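J.: sequence below, structure please.
(chains A, B, C, D and E)
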Amino acid sequence: MRSVAETPLSRNGRSILIAMDHGLERGPSVFESLPERADPSTVFDVATHDAVTGLAVQKGVAETYYPSYEDDVTLVAKLNGKTGMVMGDRYSPPIWTVENAAALGAAAIGYTVYTGSNREADMFKEFSRARDAAREADLPVVLWSYPRGQGVNDHDAPDTVAYAARVGLELGADMAKIKHPGTREAVEWAVHVAGELPVLMSGGASVSEEAFLRDVHTFMRAGGRGLTVGRNIWQRENPTATLDKLEQLVYEDAALDDVI
Amino acid sequence: MRSVAETPLSRNGRSILIAMDHGLERGPSVFESLPERADPSTVFDVATHDAVTGLAVQKGVAETYYPSYEDDVTLVAKLNGKTGMVMGDRYSPPIWTVENAAALGAAAIGYTVYTGSNREADMFKEFSRARDAAREADLPVVLWSYPRGQGVNDHDAPDTVAYAARVGLELGADMAKIKHPGTREAVEWAVHVAGELPVLMSGGASVSEEAFLRDVHTFMRAGGRGLTVGRNIWQRENPTATLDKLEQLVYEDAALDDVI
Amino acid sequence: MRSVAETPLSRNGRSILIAMDHGLERGPSVFESLPERADPSTVFDVATHDAVTGLAVQKGVAETYYPSYEDDVTLVAKLNGKTGMVMGDRYSPPIWTVENAAALGAAAIGYTVYTGSNREADMFKEFSRARDAAREADLPVVLWSYPRGQGVNDHDAPDTVAYAARVGLELGADMAKIKHPGTREAVEWAVHVAGELPVLMSGGASVSEEAFLRDVHTFMRAGGRGLTVGRNIWQRENPTATLDKLEQLVYEDAALDDVI
Amino acid sequence: MRSVAETPLSRNGRSILIAMDHGLERGPSVFESLPERADPSTVFDVATHDAVTGLAVQKGVAETYYPSYEDDVTLVAKLNGKTGMVMGDRYSPPIWTVENAAALGAAAIGYTVYTGSNREADMFKEFSRARDAAREADLPVVLWSYPRGQGVNDHDAPDTVAYAARVGLELGADMAKIKHPGTREAVEWAVHVAGELPVLMSGGASVSEEAFLRDVHTFMRAGGRGLTVGRNIWQRENPTATLDKLEQLVYEDAALDDVI
Amino acid sequence: MRSVAETPLSRNGRSILIAMDHGLERGPSVFESLPERADPSTVFDVATHDAVTGLAVQKGVAETYYPSYEDDVTLVAKLNGKTGMVMGDRYSPPIWTVENAAALGAAAIGYTVYTGSNREADMFKEFSRARDAAREADLPVVLWSYPRGQGVNDHDAPDTVAYAARVGLELGADMAKIKHPGTREAVEWAVHVAGELPVLMSGGASVSEEAFLRDVHTFMRAGGRGLTVGRNIWQRENPTATLDKLEQLVYEDAALDDVI
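T.: Got it, this is the predicted structure:
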């Protein structure tokens, strides 16, 4: 594991990453409630907030919009992806090479692995190659560690989420993004079995700001190192206000009542 | 994304591409109504029209006929393809390398991806490799963005077409060819979610010239940047006449009534 | 397309190729009626006839027998093949590399593609690589263009055969071998949609010499450029006599009555 | 076969390897009974015991924890792995390259092959490549030889275990880890058919210390060269005490009664 | 084809090869009747008999035992293999590279192809690559030509065996090992359709010595060039005695009655 504490991905060992690969993964219907956010520039703007330590986007979005933000945004190159249309065994193919991501100025790579899928083995091989290339390019590796598929009954059950965290450690990621498993105890167990690997909370579908901040608070108190968030930021009218609150919870250990 | 505005594919930021890979994709029955058009020379001749900014053909047709037209026609190398005979999951394999296309004098590459097919992942990988090779060769990339297969109920529904447009942006194409989703609003949404990516209308099966021009007009008014057209040109007795009208609609923002 | 008119494969733009890969493709039962013909030397001897512009054999047969005939026979390296025992989706894997074929002295390569098979895509990719290697080695490419498999109801129907001819043009072959589709009109259509690509008649199973010559005559009058023939030559007691007649029909435009 | 007798993996021709890849292979539930052992450091500490000749861990665990133990622990790089979530045909993909393992300081590689699985062939190929790379890097190869899958009814039956041992010899491993087949006679047969290949007992699920030591004693008396053990060490409160006893059984040929 | 007549594999154009890859292919139960023969040294000892022109073993056995016999035994590197546990379509993957086999001192390579299996195409490709590498390394190639699988009803029927022999010629082997098809006439036909390719009898399961020698005698009188034998040698108490008799039948054209 590379320590991410001294990379731009981290601020005092904590991270808030914004993800915006949903245009590919879920399709533009995610932008229907706030059409302006379909324009990646608006999310790059959001990502200039001081609380944000990285923005994860796909190849084409990065290539098109990142050059205008290279002084203000830390780029996480999301290397693999799929559409939400595709059926069959869960599998996310590599679309972007580490070499190209590094040439564009990426500060880290992001990669999804669907553990438990019938194509787990293919993703283990391809993730491993990407990870090794990232080592060569001196880029840290963030694993989207997502149990899914035939072998997975309940992908946010505590045991499943703890397994996901441990997979990040075993495969050699430098950070892992996992689902919130529901309770503080469940997060603590996931954090514990991840060993030295920093664990980030996956933001998931939009919920009320209060419910979201409550989840983040629990996650951080249980030893989490931050979060990766998409829809719960850019599907809000005022993402900056939410980021201000996240900043307090994640970096300043604020009490929940002081923030809500 | 590379700006195509300053490449031969574009005239003032708009494009009319002619496609003629139907001999492979659909078979020579497409030539039965006008047998002379089976001869690619006749379509290369059509493509010398000033309105036409590129002609997309397969490897063998390009190699055989393009050398006689290299001063008058802009070649788009259609890199992958399949026959209409083949069954099973939709998949279009690479037939032509970017290196060979560049050596022949191609000004751009074209590539079909069937998003939503059970082989989407294979096409994402292969498209990505072709795209990266095109960057090396300094050729812009036109994506035939076609949702098809098990995961796609209605391939020209507005949501599906908007998704297809967004996929072009996310995967890093320089232009995307999408179906006309029916209404101006639907085109506007697709254009919007494509961000900076120029979107071209796919010509589709032959319809009356008036119906066709009406579709083109709607598409352009909704923010489209032009079209890729095959049968609606070379299945007509007088393709030049139709191109004259397209020229007015696409490049000169002519009113529909002035053209029909 | 490379012009084959000035290569040894062609005599005044016409060709008679003998094929003898049936030992692999159909098994030695093809030799039961004339056991001596199991010995490839006997067919190499036949191929020294002036009418013959090439002999297509598999790797092992070429390597073993061609060196004794290199001054008298033009070698077509049949690069891929399968046995007649194998079931499942039609697919013919590459067995021989273009580099090795060229080193042995081959003047051209031959390659079978089963269009319409569920493995069409694999064959398109592998054929394309072989074709490009043949360009590097300056060898013309003869496509055995055979629609077969789940997507093909009737492999010698006129539409299917015309499609096969067109596939040869689109994929970038230099000659294509197709089935005789039955009528002169059907051959003319196949020849027409093949554009500049020379089309050869596939000999097929043994029939009476008269029936065979009648087919060849129709094929040539309809614009065919010759034939590839196996069993209708080397399953005959006196192949030389048949070749004398073919020579008249193919190269000298003889009337059928003058030959039969 | 390379002799492992003079490598750090062996002490007088015998070995006690500790394995701790269960976080990946079975998930963190294996740590529930003794949560502190989820921390790999605690197992690295255990592995500093004089009786231990190697510690086998996955890529990420090795990279993160081994550097602090490089003077005190002999690292066995477990190159392939899978989760316990995945269903379908048994298959363990390569995750780690031999080159990277050697660069980190590994003294040997470990590799699982599920003989009898429908993906046996893939594992034979990948194991063979890893083995050859290990030869290049001068690292001995330990095979986890595990018959599993459609073709295997009873994976610890004497015939099956003997087959597993022989596979190690035939494939060119330097040591093989096999299940205890139950009786001394069965172990003797497995040891016999392995020829010169040293055979290690697989520790398996936790049992009482007495039952475990009894198995080890039988295995050693039957010609075994040691064991690879995970849960029967690090799932115990006092692994050192158990290792003291194993040391006597494995290296000093102690009588069972003197140890229990 | 390379002539094997002047290689160590041949003595006056005839060969007796011993095969001992059964530990992998069938498992150690083949050694139960004579347990000492599980030790490869005992079979290497047998292979020092003057009648034996080669010993075919797998990678690990060769690497471990051949160095002690390199002056007395001619090594045939059996490059591919599978266990008898595996189910599904017949397929034997490459385990050993030609380069490594040559470096160890192999005088030839051996390779199994299951013609008619649903994976025939994979084996054709992999055999072809191995064959070409063997040409580079100047090693002759012995094909274990075994029709098996969905497309094969009766793998030792005369037609099937003749087909197997012809496949060896077509694919470019230098010798082929085929089943005894039962009668002298059937062997003669197989030998005939193999052309210049030398054909060896496959020894098969143990039978009485007389029955075995009778088969060998028929095979040689019908034009066979020798045999490859495993169990009918090393499952006998006195393999040397049987080899003495084989020597007379294979190299000295002895009458059967003089030998039995």
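
J.: how about the residues of the stretch 151-260 of chain A near chain D?
T.: Neighbours of chain D within the stretch 151-260 of chain A, by CB under 8 Å from any CB of the partner chain: A:151-152, A:159-160, A:162-163, A:165-173, A:189, A:192-193, A:195-197. Just so you know, the C-beta spots here come from the backbone N, C-alpha and C atoms, and that holds for glycine as well.

J.: restricted to buried residues, select these in ChimeraX.
T.: The buried residues among those can be selected in ChimeraX (16 or more other CB atoms under 10 Å in any protein chain shown) with this line:
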select /A:151,152,159,160,162,163,165,166,167,168,169,170,171,172,173,189,192,193,195,197
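
J.: so what pLDDT did the one residue in the stretch 151-260 of chain A that gets nearest to chain E get?
T.: Nearest to chain E, among the residues of the stretch 151-260 of chain A, is residue A:151, at 21.2 Å (CB to the nearest CB). pLDDT for residue A:151: 82.

J.: so who does it touch?
T.: With contact taken as CB atoms under 8 Å, 6 or more residues apart in numbering or on different chains, residue A:151 is in contact with A:116, A:117, A:118, D:83, D:85, D:86, D:87.

J.: out of those residues, which are close to chain C?
T.: Of those, not one also sits near chain C (CB under 8 Å from any CB).

J.: which ChimeraX command selects the buried ones in these?
T.: The buried residues among those can be selected in ChimeraX (16+ other CB under 10 Å) with this line:
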select /A:116,117,118 /D:83,85,86
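
J.: checking the residue nearest in space to the middle of chain A next. Helix, strand or coil?
T.: Geometric centre of chain A, nearest residue: residue A:228, 3.8 Å, by CA atoms, centre = their mean. Counting by DSSP: H, G, I helix; E, B strand; the rest coil, the backbone at residue A:228 sits in strand.

J.: surely it touches residue A:202?
T.: Yes. Shown here, residue A:228 and residue A:202 form a contact pair, counting by CB atoms under 8 Å, at 5.9 Å.

J.: shared neighbours of the two, which are they?
T.: A:144, A:177.

J.: ok, now which ones touch residue A:209?
T.: A:236, A:242, A:245.

J.: how close does the first one get to residue A:215?
T.: Yep, that's residue A:236 we're talking about. 15 Å (CB to CB, to the nearest Å).

J.: and residue A:101, what element?
T.: Counting by DSSP states H and E, the element that carries residue A:101 is helix A:98-104.

J.: now do the following helix or strand past that helix, average pLDDT.
T.: Later in the chain than helix A:98-104, the nearest helix or strand by DSSP H and E is strand A:108-113. Averaging pLDDT along strand A:108-113 gives 98.

J.: please apply the same query to stretch A:252-260.
T.: 95.

J.: now it: buried residues?
T.: A:254, A:256, A:259.

J.: swap in stretch A:37-55?
T.: Buried residues in stretch A:37-55 (16+ other CB under 10 Å): A:37-40, A:42-44, A:46-47, A:49, A:51-55.

J.: most widely separated two among those?
T.: Using CB to CB, those span at most 24.2 Å, a distance reached by A:38 and A:53.

J.: burial count for residue A:211?
T.: 11 (other CB atoms under 10 Å in any protein chain shown).

J.: tell me the contacts of the residue nearest to the centre of chain A?
T.: Applying CB under 8 Å, 6+ apart, the residues near residue A:228 are A:15, A:17, A:18, A:19, A:56, A:142, A:144, A:177, A:200, A:201, A:202, A:203.

J.: show me which of the residues you listed is closest to residue A:183.
T.: residue A:201 (13.2 Å).

J.: surely the closest one and residue A:176 touch.
T.: No. Residue A:201 lies out of contact with residue A:176 (CB under 8 Å); the separation is 10.5 Å.

J.: which residues does the closest residue to residue A:66 other than its chain neighbours bridge with?
T.: Distances taken as CB to CB, 6 or more residues apart in numbering or on different chains put residue A:75 closest to residue A:66, at 5.3 Å, once the chain neighbours are dropped. Following DSSP bridges, residue A:75 is listed with bridge partners residue A:55.

J.: all strands of the stretch 1-150 of chain A, in order?
T.: A:15-19, A:54-57, A:75-78, A:108-113, A:141-145 (DSSP state E, counting those that start in this stretch).

J.: report the distance from the longest one to the chain centre.
T.: This means strand A:108-113. Distance of strand A:108-113 from the chain centroid (CA atoms, centre = their mean, to the nearest Å) equals 8 Å.

J.: gap between the two ends of stretch A:218-235?
T.: Length of stretch A:218-235, first residue to last, CA to CA, to the nearest Å: 22 Å.

J.: go on, stretch A:86-99?
T.: So stretch A:86-99: terminal residues 28 Å apart, CA to CA.

J.: same thing with stretch A:5-12?
T.: Termini of stretch A:5-12 sit 7 Å apart (CA to CA).

J.: close to chain D, is that stretch?
T.: No. Using CB under 8 Å from any CB, stretch A:5-12 stays clear of chain D, coming no nearer than 13.9 Å.

J.: now that stretch: buried residues?
T.: A:7, A:8, A:9, A:10, A:11.

J.: got the residues of the stretch 51-200 of chain A near chain B?
T.: A:58-61, A:63-65, A:81-83, A:85-88, A:91-97, A:100.

J.: buried members of those into ChimeraX, please.
T.: The buried residues among those can be selected in ChimeraX (16+ other CB under 10 Å) with this line:
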select /A:58,59,60,61,63,64,65,81,82,83,85,86,88,91,92,93,94,95,96,97,100
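
J.: now, the residues of the stretch 51-200 of chain A next to chain B that are in helices?
T.: A:59, A:60, A:61, A:63, A:64, A:65, A:100 (DSSP state H).

J.: for the residue lying closest to the second one once chain neighbours are set aside, give me its contacts.
T.: Counting by CB to CB, 6+ apart, residue B:172 is the residue found nearest to residue A:60 once chain neighbours are left out, at 3.4 Å. By CB under 8 Å, 6+ apart, residue B:172 lies in contact with A:58, A:59, A:60, A:63, A:64, B:1, B:128, B:131, B:141.

J.: one more time with 6 Å, if that's ok
T.: Residue B:172 sits next to A:59, A:60, A:63, B:131 when contact means CB atoms under 6 Å, 6 or more residues apart in numbering or on different chains.

J.: farthest pair in these?
T.: A:63 and B:131 (10.1 Å).

J.: I'd like to know how far residue A:97 sits from chain D.
T.: 18 Å (CB to the nearest CB, to the nearest Å).

J.: same question, residue A:147
T.: In terms of CB to the nearest CB, residue A:147 sits 6 Å off from chain D.

J.: so how many other residues sit close to that residue?
T.: Counted with other CB under 10 Å, the neighbours of residue A:147 add up to 30.

J.: so it makes contact with residue A:164?
T.: Yes. Judged on CB atoms under 6 Å, residue A:147 makes contact with residue A:164 at a distance of 5.4 Å.

J.: ok, back up a step: and of the contacts of residue A:151, the nearest to chain C?
T.: residue A:118 (20.6 Å).

J.: name the nearest residue to the closest one, ignoring sequence neighbours.
T.: Residue A:118 sits nearest to residue A:89 (CB to CB, 6+ apart), 4.2 Å away.
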